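Colleague: compute the structure for the input listed below.
(chains A, B, C and D)
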There are 4 protein chains.
Amino acid sequence: MKYPVGIVGFSGYGGAEAVRLLSRHPHFEPVLLSHRADSGDGPKLVRKSTIRRALSSPDSVASEGLKAVLLATPHDVSMELAPQFLNAGATVIDLAAAFRLPTAADYKTWYKDDHTAAHLLPGAVYSIPEFHRERARGAKLIANPGCYPTAANLAIRPLIEAGIIDRKAGIVCDAKSGVSGAGRKATLKNSFCEVTENFSAYSILKHRHVPEVLMVSGLQESEFSFTAQLIPIERGILETIYFRLAKPLTSAEIVEIYQKQYGNEPFIRLHEAGTMPDLHGVAHTNFCDLGVVSDPASGRCVVVSAIDNLVKGAAGQAIQNLNLALGIEETAGLL
Amino acid sequence: MKYPVGIVGFSGYGGAEAVRLLSRHPHFEPVLLSHRADSGDGPKLVRKSTIRRALSSPDSVASEGLKAVLLATPHDVSMELAPQFLNAGATVIDLAAAFRLPTAADYKTWYKDDHTAAHLLPGAVYSIPEFHRERARGAKLIANPGCYPTAANLAIRPLIEAGIIDRKAGIVCDAKSGVSGAGRKATLKNSFCEVTENFSAYSILKHRHVPEVLMVSGLQESEFSFTAQLIPIERGILETIYFRLAKPLTSAEIVEIYQKQYGNEPFIRLHEAGTMPDLHGVAHTNFCDLGVVSDPASGRCVVVSAIDNLVKGAAGQAIQNLNLALGIEETAGLL
Amino acid sequence: MKYPVGIVGFSGYGGAEAVRLLSRHPHFEPVLLSHRADSGDGPKLVRKSTIRRALSSPDSVASEGLKAVLLATPHDVSMELAPQFLNAGATVIDLAAAFRLPTAADYKTWYKDDHTAAHLLPGAVYSIPEFHRERARGAKLIANPGCYPTAANLAIRPLIEAGIIDRKAGIVCDAKSGVSGAGRKATLKNSFCEVTENFSAYSILKHRHVPEVLMVSGLQESEFSFTAQLIPIERGILETIYFRLAKPLTSAEIVEIYQKQYGNEPFIRLHEAGTMPDLHGVAHTNFCDLGVVSDPASGRCVVVSAIDNLVKGAAGQAIQNLNLALGIEETAGLL
Amino acid sequence: MKYPVGIVGFSGYGGAEAVRLLSRHPHFEPVLLSHRADSGDGPKLVRKSTIRRALSSPDSVASEGLKAVLLATPHDVSMELAPQFLNAGATVIDLAAAFRLPTAADYKTWYKDDHTAAHLLPGAVYSIPEFHRERARGAKLIANPGCYPTAANLAIRPLIEAGIIDRKAGIVCDAKSGVSGAGRKATLKNSFCEVTENFSAYSILKHRHVPEVLMVSGLQESEFSFTAQLIPIERGILETIYFRLAKPLTSAEIVEIYQKQYGNEPFIRLHEAGTMPDLHGVAHTNFCDLGVVSDPASGRCVVVSAIDNLVKGAAGQAIQNLNLALGIEETAGLL
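Modeller: Okay, the predicted model is just below:
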């Protein structure tokens, strides 16, 4: 017997990834929620899909027996739907940014829009499970972290806490993402001919994901230089993080700091000192891979953090959080 | 009447680009130099190419009337051939690294190999024309700069000279290159399936091109953090350069500093303050595009520098240098 | 002194290619025609482009001294503009399909729309120069052929005329195109993530370009099976053409038939018998490359035809036709 | 309790896919077999992989308790290893072509090499499970079909058997494959810069996979025109198959023929009449998707067949065969 879990926004890239992961999850089965029960733009097959479908309505919680609902929706839609599904008794995991920042004022500052469900913010749990799993257990509303901040915080926070970064010199996070990070929609900017054989930067220094990094790592905005860039690939985020050492540590000593923090974390993989992850290593997985190259003599250090933006950066982490929220083994369906 | 210019290594990516550029040059025509006059792995056409071919031998300088020879060859081959072609009376433009660093000891340090033509180093002219054109005019042996240092120095040197960078905090140069930068050869690492949908870093902090940046910009190695990364595209280099401002300047004020340095430089294009170049803008051109985003309040600044690694980063700049060496208009064949 | 040539639709892929080609043409210079003289979505550079701009209006013919106008516009816009520019005295080359088919009824059949400038159809000249150059010389209105029919007809027509094809068995043309063939616009279907790592067929048996093939080759629709497919690349068309031989000819004998037809045609390149062209060989050129593999014993034969869809398939052939229309050397600006 | 299954050649693309599939199989677990127990070129992680490893030796069958061994090896290595592992008591699934053709003479004809284990040919079972599952059950040596023939035969055989193809006019199979089909090795031809933005044909009319199509479909070589072409993607095969109808059937009627043949086959998906599969639909799955467009009036018909060359075309079908050979549910680990 598997618990049904609703997904709104299942035709987007993150939502579709959630459907794939839930379809092979040992304890859950996906239920596609949409306004018309037959909507969808997938292939027209003679033998219809057996994945369950239902109306995207709070009534479906009772009628379908939904334990939880994943919202892979635009921010404003999440604000509208989250209260409804919560009231109907479902646990809600929001993959949008609606409940990530602590206050409506923060949301307004970074997202340039009013928050229409601000009463839920105090009870919402922001969870990168490697840092916040205790508060995610049993939570009713989880704000699933952004893709860039997931990769950044998993790399930065242990080093900030260890006090090995010269924060006055600033931390640089040069981030690169595959195009699926921009969502599934028709835009000229993300059309094939504009992206292929190209590479471009956007949102320099002022990306909406910056406050999540500051919130989790404890950095100040003035200490953190962040640039998001588009790689002509479908999926993956690689962040190259530069800082100056507060003390002369070797690559191996810094890997050891990570090792102490992460121990046997199932989804964190440390590369041997001096070797670096790439995107093939994490594609279609929930892993975050970390590598370090340090030059203690000059104080320069580079860390690379790699994830699949649709898995650890979205649907995979959402299911990791869902497992925690519903008291299931955290790794279920993800290894 | 066009001057014949020899090219050794014409089947590599840089060499082939030089052939293309010379084929439509108003004053030069290419002569393919190889050990066997019929070598090559191009398409087998019924109507043979009309591009001239000759033996790669110093005798060809006289027999073919070569004014100059471009060496698009491995470093050690350049060391072997440069003295021969110089002795035969040709001007030599070396696209390899054989004559870029001032001493054989420098070469040994960064390239882990002995220099076999060290006697030519004192007379070799390293030339990014925007900085060194006066010494390139009439030169007999020109060391064409590396691709990464061309993009880096065109961005960094004017700002170092203007004294606006807080050098103690260090400069980060996060460099990304298309795969043609690795040369035309059979390697598993650069095979299609290993590269596509991937992104990876290599030569972190210790890339062979670092000394060229230090030499031209005046930076110390300890001040400069450089990482080279592979984009799954054929051509193009984009470098994202981060530093902290020594004084609170706006993006527009920094663009103005570039404007003063570069004035009407034909191959430097400045983006309006706050807008950034991409690789499509420079592909198949000899341009270097520069863009600036500055946050004077916090002192953070980001500069993006974009070139085509095969043109401004190799063959195009080589012809720009060739034009200077032979007293032709500098832009001939390049606009 | 260069003749000004107007381009409407210069921000599309075909139009932009025409601007690039005209910018280095020895006898023409481009004039960008748009409704607002400052429109465009290119990079925002400090030093503005020196390419001339004018209003897209028949008055510009006189005020700018335009000899000709290229229409890289939607079909209906071409129908609207062609009469206006013709009346104002300019030669018109239409890159759309507005004037390709002989009658308004044909247009209605294949394009499902009414023709609004049918009075121009009798005087319009459809020109693949290798077949129709005599009628293109001095023409006032030229219908530039579609990309797929250009590659198909250059391969098929000489063999039909030589009578070597068993037409009863049918001819198969399996065509593959880069994504730029679909035009520059925001569609989900052509967004990066939908296209990359994918391959798909569309318009099977009923593509709009079929009537152009029938018209030029003399085939009947029932004899010709055509499928258009999308390759995840920017540019290039490769067509694999299959038929059964009416007589047992070797690959070399079929290459010889082409050789007789095309002789020294500047833009047709024949591959040696048994070797095949690819898209790299024609990218950014006006060439059509042809290769043949025949098995006379079984009567099976395969011909591959490759072009750059934006050059020989659009802007390059348009300039080839423009050269003919204005009495300039046919290859000017194209080699 | 899971049965251990050995894999030789696990670092190739097909072998690695088999490891991935076996790692989440409910009844098997992979054991990597290599000459040195620590060989491999994967990422260097601090926490070592828990996948079992053993020497590639018949002794490992007993010591590791291997029920079966998958050979993802070159043809000649398969001929050497298959007898050894069979003698040691393991079931062998060969992903190479060593045991696909009925006689050593056939092998010599198509692979230009001597067969060194011809005594095993009579007992080897060639199995596309949709056609041959009865003989695969309990088999000791299974020849896993080639990727191209799998896609071709699943499309062609039911139509041949239904007698709807005009065989005298010939069948065209225009096949396109991702680059992983060429194996994991360093070649210039498959290097990134040679493949990206390119498209090329190879092995026209005489590909080694042709005899497998003839053997399963019953076609004669003279009736079948096959061309293999390289798409610049990692994985996927799409074959566009053209023929003339022996009787005027609609698309829907032809889909119905497939429906009768395949009924509830778990890995065959039929597209509704007139709609076509693409490679995204089958990527990372064991499905073969089929679509039909027919024009009964003219007798032309096009069928598209799509598979993931590494799954249904290699490792997935191998595990489907392994399930059959060992008496496990055929779909185990594959849905």
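
Colleague: domain assignment for chain A?
Modeller: A:3-145+A:313-325, A:147-309 (automatic domain parsing).

Colleague: who in the stretch 51-200 of chain A is up against chain B?
Modeller: Counting by Cβ under 8 Å from any Cβ of the partner chain, the stretch 51-200 of chain A comes close to chain B at A:168-170, A:172, A:174, A:176, A:178, A:194, A:196-200. C-beta coordinates here come from the backbone N, C-alpha and C atoms, glycine included.

Colleague: next, work out how far apart A:Ser225 and A:Val172 are.
Modeller: 5 Å (Cβ to Cβ, to the nearest Å).

Colleague: what do these two both touch?
Modeller: The contact sets of A:Ser225 and A:Val172 overlap at B:Tyr242 (Cβ atoms under 8 Å, 6 or more residues apart in numbering or on different chains).

Colleague: could I get the full set of strands for chain A?
Modeller: A:3-8, A:28-34, A:52-55, A:68-71, A:91-94, A:125-126, A:141-143, A:171-177, A:200-202, A:224-230, A:237-244, A:268-270, A:288-295, A:300-307 (DSSP state E).

Colleague: between the ones you listed, which gets nearest to chain C?
Modeller: strand A:224-230 (9.0 Å; Cβ to the nearest Cβ).

Colleague: so what are the sheet partners of the closest one and their directions?
Modeller: strand A:171-177 (parallel), strand A:200-202 (antiparallel) (DSSP bridges).

Colleague: and the residues of the stretch 51-200 of chain A next to chain B as JSON lines, adding distance to B:Glu239?
Modeller: What follows is those, written out as JSON lines (distance: Cβ to Cβ, whole Å):
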{"residue": "A:Lys168", "distance to B:Glu239": "25"}
{"residue": "A:Ala169", "distance to B:Glu239": "20"}
{"residue": "A:Gly170", "distance to B:Glu239": "18"}
{"residue": "A:Val172", "distance to B:Glu239": "13"}
{"residue": "A:Asp174", "distance to B:Glu239": "10"}
{"residue": "A:Lys176", "distance to B:Glu239": "13"}
{"residue": "A:Gly178", "distance to B:Glu239": "21"}
{"residue": "A:Glu194", "distance to B:Glu239": "21"}
{"residue": "A:Thr196", "distance to B:Glu239": "21"}
{"residue": "A:Glu197", "distance to B:Glu239": "17"}
{"residue": "A:Asn198", "distance to B:Glu239": "15"}
{"residue": "A:Phe199", "distance to B:Glu239": "11"}
{"residue": "A:Ser200", "distance to B:Glu239": "13"}
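
Colleague: from those residues, list the buried ones, please.
Modeller: A:Ala169, A:Gly170, A:Val172, A:Asp174, A:Lys176, A:Gly178, A:Glu194, A:Thr196, A:Glu197, A:Asn198, A:Phe199, A:Ser200 (16 or more other Cβ atoms under 10 Å in any protein chain shown).

Colleague: what about the residue lying closest to A:Leu245 once chain neighbours are set aside, how many residues nearby?
Modeller: Distances taken as Cβ to Cβ, 6 or more residues apart in numbering or on different chains place A:Gly299 nearest to A:Leu245, at 4.6 Å, with adjacent residues excluded. Neighbour count of A:Gly299, defined by other Cβ atoms under 10 Å in any protein chain shown: 19.

Colleague: where do the helices of chain A begin and end?
Modeller: A:13-23, A:59-64, A:75-87, A:104-111, A:129-136, A:147-161, A:192-195, A:210-217, A:251-262, A:316-325 (DSSP state H).

Colleague: distance from the fourth one to the middle of the chain?
Modeller: Taking Cα atoms, centre = their mean, to the nearest Å, the mean C-alpha location of helix A:104-111 is offset from the chain mean by 19 Å.

Colleague: hang on, isn't A:Gln229 packed against A:Asn198?
Modeller: No: the criterion here is Cβ atoms under 8 Å, and A:Gln229 misses it with A:Asn198 at 10.6 Å.

Colleague: what about the closest residue to A:Val255 other than its chain neighbours? Give its phi and psi, please.
Modeller: Nearest residue to A:Val255, sequence neighbours excluded (Cβ to Cβ, 6+ apart): A:Ala273, at 4.9 Å. Torsion angles at A:Ala273 (phi, psi; degrees, to the nearest 10) stand at phi -50, psi 130.

Colleague: list the residues that contact A:Arg52.
Modeller: For A:Arg52, counting by Cβ under 8 Å, 6+ apart, the contacting residues are A:Pro4, A:Glu29, A:Pro30, A:Val31, A:Leu32, A:Glu64.

Colleague: what do you get if the cut-off is 7 Å, keeping everything else the same?
Modeller: By Cβ atoms under 7 Å, 6 or more residues apart in numbering or on different chains, the contact set of A:Arg52 is A:Pro4, A:Val31, A:Leu32.

Colleague: and A:Leu45, by the same measure?
Modeller: Here A:Leu45 is in contact with D:Arg269, D:Leu270, D:His271 (Cβ under 7 Å, 6+ apart).

Colleague: how about A:Val61?
Modeller: A:Val61 sits in contact with A:Phe85, A:Ala88, A:Gly89, A:Ala90, where contact means Cβ under 7 Å, 6+ apart.
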